[in-house]
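Asker: A structural model of the following input is requested.
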Amino acid sequence: MATTAEQLPCDADGVCMVCKKKPPPETETLTCRTCVSLWHVPCLPQVPTTILDWECPDCSTPLDVNNNNSVADAAPSVAGDLISAIRAIENDASLTDAEKAKKRQELVGGSSKASDEVKNRRSGVLDIFDDSIKCSFCIQLPERPVTNSCGHNFCLKCFEKWIQQGKRDCAKCRAPIPAKMASNPRINAQLAIGIRMAKLARSENVGGSTATKVYQVVHNDERPDTCFRTERAIKTGKANACSGKIFVTIPLDHFGPIGAENDPIRNRGVLVGETWEDRMECRQWGAHFPHVAGIAGQSGHGAQSVALSGGYVDDEDHGEWFLYTGSGGRDLSGNKRTNKNQSFDQQFEKMNEALRVSCRKGYPVRVVRSHKEKRSSYAPEEGVRYDGVYRIEKCWRKVGMQGHKVCRYLFVRCDNEPAPWTSDLSGDRPRPLPTIKEFKGAVDITERKGDPSWDFDEEKGCWLWKKPPPQSKKPMNVVDPIDPTKIQVVRPKAKKVSFKIKDRLLKEFGCNICRKVLASPLTTPCAHNFCKGCLEGAFSGQSYIRNRATKSGRSLRTQKNIMKCPTCSTDIADYLQNPQVNREMMGVIELLQRQAEEMDETEESSAKSDENLKPDEETDVSKPSNSNEKVVEEIKENDLNPPPQKRRKGADGKTVENMEEAVVDEAEVESKTVTCN
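Answerer: Residues are numbered from 1 along each chain as shown. Next up is the predicted model:
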């Protein structure tokens, strides 16, 4: 047998690996019929007798079939290694067919364990995007994705190159590309956010960002007693940098009046009729926290306060009751921050929804009036004044004075202190609702059906909480027990928020109408995503063509109706004639939902298994008992003599039990029935 150095074929360039020369073709070369490798005839150890069906020395090496170690000892070293190893595997009688197939796969494609590790490492949210959403040109995840009306996605640069070539149809399904999209393609923002979140999850191998965020915060004790002043301010007075120190111990979402227990500085609370120089000082005493906005609240929690400052022409002020207009409906883009003209309809969302929640629950809303309300006889001559709490009895929508629908609210006063403009010695009593003329033509009417949380008590003769007030979700100010002149900020115990990337992605893929996860998503030419049912329902009953006729009855040419996108002002009438479901996005959403459900099921099963293990753990720890009577006696003794509880005084002076923390739970203190002075 010749040595290994004497049995080398030609390389990829046709140069012999033995003599380092390139042999002439067809004269001094032979091709192996098995491995199709080129060999130099003069460099072969044995000159072949036949040229047809010739095998190279590597492929014709005899193997000892009876020797089981021949496969393991065989170490191919040249071009015919693969063929020799495969033949060795096939001739091994100790292996089954499945084992032979597995060894062949490992030999050709590498170890299956390594492939499993790679698969497990790559299995994640981004793989869902890799399999479902790809650019039709570069076959990669779309960078700055653009979605055609047919539902296929492209990179913005790839799409622009395609358009520059004069192409006006989809590269994947040949569906026509709308002219507006070809001239001005819009980026699908929701899809871009989803891809970015998925990439972040893979790079960090976690469900969210782990980078620490730095917040520049000025603590309450470090603020000045008056609002910050700057020399560069155009007008003399207070700049918009920040308000001064907060003097009351209430959270930002405190409902109802501010009592003496929340005023450690003066020990009297915020009284009706108290005035401040401006909204910045009003914030310091908690009557109305926002600097500019007229509504303070949260859409899912309720509204705490409103300000009457003449911002909308539809407002009507009658003292003990007034009609308030919601926020929104104005174009404030660019330098239009002071625009007072309505440009679109208001909806019950954000702050408007917060007021509607307070209407349904019957929460008290603090009201401040500003001197900027020039049309009202009840507004102060200067500054801002606190006028007590009101309750929202009804809310609706109607067409306002500027031609667009506005949200309207009926506020009725319900405070225990008299109003600043009256000479009464006592506060309000329940009064009949006023007659509202505009209520007849209103839509989306909301009235309270159940008992209100803040109501009048006939026995005590005052307004109080009939139901516990909503628990605060914002940081709360608490007096420092060591130094009473300082107020500490205590954050409530936050619930564990799920940072699962799948849940966050599903939240991003939301419909712009119903705000839920997209079902049969439609992507408009303006790159907005809607559920198919929501978008079709928004334009139900509208025809695409409008018939016209003259006064004499002669018919004119039909005209196309303009159907604007629910999110922007783009005309989508042509798109609505044949909307195509975005199959790629729908596939991603379905996979995310399926994986999220599987994860929830596994968590529930693990939680149940933990609960089932708890009794066993307790029985192992407990002492063994010879009779059941001893156990019964121990239970009775525990019931009759409970373990000692920690006691201390709460904010109202009463003893509070089972409270180990240093801060009084505000929800428990406020849930007690308020007593009248």
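Asker: need the helices for the stretch 301-450 of the chain, in chain order.
Answerer: Ranges of helices in the stretch 301-450 of the chain, per DSSP state H, counting those that start in this stretch, are 351-361.
Asker: which stretches of it have low pLDDT?
Answerer: Under the criterion pLDDT under 70, the flagged ranges of the stretch 301-450 of the chain are 334-338.
Asker: mind redoing it with 80?
Answerer: 332-339 (pLDDT under 80).
Asker: Tell me how this structure divides into domains.
Answerer: Using the TED database, the domain parsing of the chain gives 1-58, 260-330+340-465, 508-546+558-601.
Asker: got CSV for these, with distance to residue 189 and mean neighbour count too?
Answerer: C-beta here means a position set from N, CA and C on the backbone, and glycine is covered the same way. Converted to CSV, those look like this (distance: least, C-beta to C-beta, whole Å; neighbours: other C-beta atoms under 10 Å):
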stretch, distance to residue 189, mean neighbour count
domain 1-58, 49, 14
domain 260-330+340-465, 19, 18
domain 508-546+558-601, 7, 17
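Asker: Distance to residue 84 added to those domains, as TSV?
Answerer: Formatted as TSV, these follow (distance: least, C-beta to C-beta, whole Å):
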stretch	distance to residue 84
domain 1-58	6
domain 260-330+340-465	71
domain 508-546+558-601	44
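Asker: To residue 91, which of these lies closest?
Answerer: domain 1-58 (14.7 Å; C-beta to C-beta).
Asker: Looking at the domains of the chain, which is nearest to residue 489?
Answerer: When those are ranked by proximity to residue 489 (C-beta to C-beta), domain 260-330+340-465 comes first, at 13.6 Å.
Asker: Could you tell me the end-to-end distance of that closest one?
Answerer: For domain 260-330+340-465, the first-to-last residue distance is 17 Å (C-alpha to C-alpha, to the nearest Å).
Asker: any idea where the strands of the stretch 151-300 of the chain begin and end?
Answerer: Applying DSSP state E, counting those that start in this stretch to the stretch 151-300 of the chain gives strands spanning 153-154, 275-276, 295-298.
Asker: Out of these, name the one with the poorest average pLDDT.
Answerer: Per-stretch mean pLDDT for the strands of the stretch 151-300 of the chain is lowest at strand 153-154 (a mean of 88).
Asker: which residues are contacting that strand?
Answerer: Here strand 153-154 makes contact (C-beta atoms under 8 Å, 6 or more residues apart in numbering) with 133-137, 142, 145-148, 162, 171, 188, 191, 584.
Asker: hang on, the earlier thing: would you turn the strands of the stretch 151-300 of the chain into JSON lines with distance to residue 405?
Answerer: As requested, these are exported to JSON lines (distance: least, C-beta to C-beta, whole Å):
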{"stretch": "strand 153-154", "distance to residue 405": "36"}
{"stretch": "strand 275-276", "distance to residue 405": "34"}
{"stretch": "strand 295-298", "distance to residue 405": "18"}
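Asker: partners of residue 31 in the sheet?
Answerer: residue 38 (DSSP bridges).
Asker: Next up, the contacts around it.
Answerer: Applying C-beta under 8 Å, 6+ apart, the residues near residue 31 are 37, 38, 39, 54.
Asker: Sort out which one of the residues you listed lies nearest residue 220 for me.
Answerer: residue 37 (81.5 Å).
Asker: Let me know the pLDDT of that closest one.
Answerer: pLDDT at residue 37 comes out at 76.
Asker: how far away is it from residue 57?
Answerer: Counting by C-beta to C-beta, to the nearest Å, the gap from residue 37 to residue 57 is 11 Å.
Asker: quick check: longest strand of this structure.
Answerer: If you go by DSSP state E, the chain has its longest strand at strand 384-399.
Asker: Alpha carbons of that strand, as PDB, please.
Answerer: Extracted in PDB, the C-alpha atoms of strand 384-399 (Å, rounded to 0.1, in the frame of the first residue of the first chain):
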ATOM      1  CA  VAL A 384     -57.000  80.800  40.400                       C
ATOM      2  CA  ARG A 385     -59.600  79.900  43.000                       C
ATOM      3  CA  TYR A 386     -60.700  76.500  44.500                       C
ATOM      4  CA  ASP A 387     -64.500  76.200  44.400                       C
ATOM      5  CA  GLY A 388     -65.000  72.800  46.000                       C
ATOM      6  CA  VAL A 389     -66.000  69.400  44.700                       C
ATOM      7  CA  TYR A 390     -68.600  68.700  42.000                       C
ATOM      8  CA  ARG A 391     -70.100  65.400  40.700                       C
ATOM      9  CA  ILE A 392     -70.600  64.500  37.000                       C
ATOM     10  CA  GLU A 393     -74.200  63.500  36.500                       C
ATOM     11  CA  LYS A 394     -74.300  63.000  32.700                       C
ATOM     12  CA  CYS A 395     -72.000  63.100  29.700                       C
ATOM     13  CA  TRP A 396     -72.700  63.000  26.000                       C
ATOM     14  CA  ARG A 397     -71.500  64.100  22.600                       C
ATOM     15  CA  LYS A 398     -73.000  66.800  20.400                       C
ATOM     16  CA  VAL A 399     -72.000  69.000  17.500                       C
END
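Asker: That concludes my questions; thank you for your assistance.
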